[in-house]
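> Need a 3D model of the following:
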Amino acid sequence: MIRLKMIKLTKKELSTKANFNNYLIKLKNEEKITWAKKIINTNKPVLAIPTPKLKVIAQEIEKDDRYSFLNMQINDYYENAIINGLLIANIQDFNKMKEYLDIYVTKIDNWAECDVLSFSVKSREALFYKLSLEYVNSNYAFTRRVGIIILFKLINEQYIEKIFAIIEKLKNEEDYYVNMACAWLICECFIKQREKTIKFLKKDKLNKFTVNKAISKCRDSKRVSLLDKEMLLEFREKF
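From the prediction side, this is the model:
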């Protein structure tokens, strides 16, 4: 468990880009940098600071001034991006959040910077659905992945068919990370909206990679019954 006293931030450390980066550098794990960079697959320098610790740092920044920090646009390290993503996703004012998110998504170069975004969509479902539509139509693959990530929060009776329609539009998607996000999303849809997802799979309007990965994710899940794991094999596609 991360102790807050280990990561207290001073006004000085939050005052400039250089001061904050110097603070992060003191927390780096030299032994895990090569391993972390390989797993994340980023071109940015990596300090190998654990995500739980980055989350507490973000919480400390929120106590001070989230917007002043975000306005510095610090993006020198992978860890900077994760902290920015955590801060942005937690902004309750949708328009303000989107203002920063629109900048953030253009700087993403790896899956983790997408997946760290966990939005609270309650009472704002329509706004987030519209944002998802905007992002999945982007020419930039990681922005499309963020568009898919948003949909995880909208798996319900009202939006399930709309989610399927978006996935169908990505049938010819070629990017690995977008297709993997779609597969993961289909798995969650199966768990939460089983009957509708089976019906969707029967339509066979997905690319083979996504279908097969989605089935694999379902079969790996402890939330899917053994009977369903066997039943899903009938949807596997042969290359």
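> can you pull out the helices in the protein?
Ranges of helices in the chain, per DSSP state H, are 17-25, 33-40, 51-64, 66-71, 78-89, 94-104, 111-115, 125-136, 141-151, 160-169, 176-192, 194-202, 208-220, 226-231.
> send the alpha carbons of the fifth one over as CSV?
Presented in CSV, the C-alpha positions along helix 78-89 are these (Å, rounded to 0.1, in the frame of the first residue of the first chain):
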residue,chain,number,x,y,z
TYR,A,78,5.6,8.4,-19.9
GLU,A,79,4.7,9.0,-16.2
ASN,A,80,3.9,12.7,-17.0
ALA,A,81,1.3,11.5,-19.5
ILE,A,82,-0.3,9.0,-17.1
ILE,A,83,-0.6,11.7,-14.4
ASN,A,84,-2.1,14.1,-16.9
GLY,A,85,-4.6,11.4,-18.0
LEU,A,86,-5.6,10.7,-14.4
LEU,A,87,-6.2,14.4,-13.8
ILE,A,88,-8.1,15.0,-17.0
ALA,A,89,-10.5,12.0,-16.6
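> Provide the contact partners of stretch 165-179 at residue level.
Residues outside stretch 165-179 that contact it (CB atoms under 8 Å, 6 or more residues apart in numbering): 111, 114, 132-133, 136, 141-142, 144-145, 147-148, 151, 182, 185-186, 205-207, 209-210, 213. Where C-beta positions appear, they are placed from N, C-alpha and C, glycine not excepted.
> Over to stretch 230-237?
Contacts for stretch 230-237 (CB under 8 Å, 6+ apart): F190, L201, K202, K208, V211, N212, I215, C218, R219, V224.
> before we move on, what about stretch 59-66?
L4, I7, K8, L9, K11, L14, F69, I83, L87, N90, I91.
> contact partners of stretch 152-164?
Residues outside stretch 152-164 that contact it (CB under 8 Å, 6+ apart): 119-121, 125, 128-129, 132, 151, 185, 188-189, 192-193, 196-197, 200.
> Quick check: can you list the domain ranges of the chain?
Segmentation of the chain into domains, based on automatic domain parsing, reads 1-118, 121-239.
> average model confidence for the shortest one?
It stands for domain 1-118. Average pLDDT, domain 1-118: 93.
> same check, this time on the longest one
This predicted structure assigns domain 121-239 an average pLDDT of 95.
> from the middle of its chain, how far away would that domain be?
14 Å (CA atoms, centre = their mean, to the nearest Å).
> a markdown table please, covering the domains of the chain and showing mean neighbour count.
Shown next, in a markdown table, are the domains of the chain (neighbours: other CB atoms under 10 Å):
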| stretch | mean neighbour count |
| --- | --- |
| domain 1-118 | 16 |
| domain 121-239 | 17 |
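> how about the contacts of stretch 152-164, which pair is most distant?
Greatest spatial distance among the contacts of stretch 152-164 (CB to CB): S120 and F200, at 26.6 Å.
> Once you drop chain neighbours, what's closest to the residue nearest the centre of the chain?
Note on the chain: the residue nearest the mean C-alpha position is D115, at 1.9 Å, using CA atoms, centre = their mean. Distances taken as CB to CB, 6 or more residues apart in numbering put I149 closest to D115, at 6.4 Å, once the chain neighbours are dropped.
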